[in-house]
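In: here are the coordinates; sequence isn't available:
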């Protein structure tokens, strides 16, 4: 998911450079220095391109595991919303009103909708954001990262997930030309005649020379969109094989299209147990940790637990460096753990929840008076005190083992 933000940032930069965006955007100056990271924001890295995105994912992850986000973290996110309902990727001065030079971001707005909906009590903000998203729908039914640009598979899928979470019916969200959000989504799927055959069922980002190429990022997002699900996926209780799902069963059926896309992801993961990507300057493809996590969530959403199992294990063993102090990555892994019924506090030996909380404002603690009552009810004379002493000793021993294992991991990394 944070990989998606990198791709979106590149897309936005390209749009601004070639002048495909509205004229007002072309005059937007590039920041001369990274902005100061606000205290309410998760992460210390430059938030210029992913501030709202990483904040929304962090709040979603905390909410999903039962944490109550800090008020300043929630206030920071709501303060980023423009009066028209849209969100930019990041606004350094949220007190300054948005104007014609503010580059609004459909991806940031869509994921903020999911976070605000999950937090509750933010119906007004959600409605304004959804109104704005509908207002920037392209005639083909899809969405672009920057409004005014051609539609692409990833952004269309992300907005569709926001529609679903907000309770909208994508089939009824139509452009001025009468195209629905589903029309926009399905136009990016590679059909039964696509070559190579292994790409059939995948989704593309944008056509190049009139031809779509399979794109893992767009495909994983499209699975959620076609199934009418958001980023938070409840773990499946049953498992469905992905056999014979590598080709769309029906071009007009979003759910069937999603299952075909899931089949593509399952096959793509079989080779190495993870997805790969070609990075600039690299001679060989490198592991794509972010899209591998997205693929696991997508497969879990589609009910394919076994198809996701190998990649899940790979993530447990290989995601530490990628997610280190990265709130978007840590939140994505928390959501991956949730979707697969895995303990996020013991993910490959890492407490993802603690690591995420350490990157931003600490979540709220339980009410002090309620905690006193709970403690009182838990105690039963000296026996209760002895029990708590035993638990405390066990916790101390556990921390000692944890420190030992942590040191061993660091030594192995040298």
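Out: Received it, and whenever you're ready, just let me know what you need. Quick caveat: nothing in here was measured; it's all calculated off a predicted structure.

In: Find the nearest non-adjacent residue to residue 233, please.
Out: Using Cβ to Cβ, 6 or more residues apart in numbering and skipping residues adjacent in sequence, the residue nearest residue 233 is residue 339, 3.9 Å away. The way it works is simple: take the backbone N, C-alpha and C, and place the C-beta from them, glycine included.

In: tally of neighbours for that neighbour?
Out: 26 (other Cβ atoms under 10 Å).

In: ok, now the one 3 residues further on?
Out: Burial of residue 342 is recorded as 22 neighbouring residues (other Cβ under 10 Å).

In: Could you list the low-pLDDT ranges of the protein?
Out: Scanning the chain for pLDDT under 70 picks out the ranges 1-32, 243-251, 367-414.

In: one step back: quick one: residues contacting the residue nearest to residue 233.
Out: Applying Cβ atoms under 8 Å, 6 or more residues apart in numbering to residue 339 gives the contacts 232-235, 296-297, 300-301.

In: Let me know the distance separating the closest residue in space to residue 105 that isn't next to it in sequence from residue 107.
Out: Distances taken as Cβ to Cβ, 6+ apart place residue 89 nearest to residue 105, at 4.7 Å, with adjacent residues excluded. Residue 89 sits 8 Å away from residue 107, going by Cβ to Cβ, to the nearest Å.

In: Of these two, which one has the most company?
Out: Taking neighbours as other Cβ under 10 Å, residue 89 and residue 107 compare with residue 107 leading, 31 against 24.

In: Can I have the buried ones of the contacts of residue 339 as a ChimeraX selection?
Out: The ChimeraX command for the buried members of those (criterion: 16 or more other Cβ atoms under 10 Å) is given here:
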select :232,233,296,297,300,301
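
In: Okay, and which of the contacts of residue 339 map to helices?
Out: 296-297, 300-301 (DSSP state H).

In: who's in contact with the helix or strand containing residue 183?
Out: Residue 183 is part of helix 181-186, with elements assigned from DSSP states H and E. Helix 181-186 has contacts (Cβ under 8 Å, 6+ apart) with 137-138, 140-143, 151, 153, 156-157, 159-160, 163, 170-171, 173-175, 222, 225-226, 251-252, 254, 257.

In: Quick one: distance of stretch 324-335 to the chain centre.
Out: Distance of stretch 324-335 from its chain centroid, counting by Cα atoms, centre = their mean, to the nearest Å, is 9 Å.

In: Contacts for stretch 300-315 next, please.
Out: Contacts of stretch 300-315 from elsewhere in the structure, counted by Cβ under 8 Å, 6+ apart, are 223-224, 227, 229, 233, 235-236, 238-242, 258-259, 262, 265-266, 269-270, 273-275, 289, 292-293, 295-296, 299, 333, 336, 339-340, 342, 347-348.
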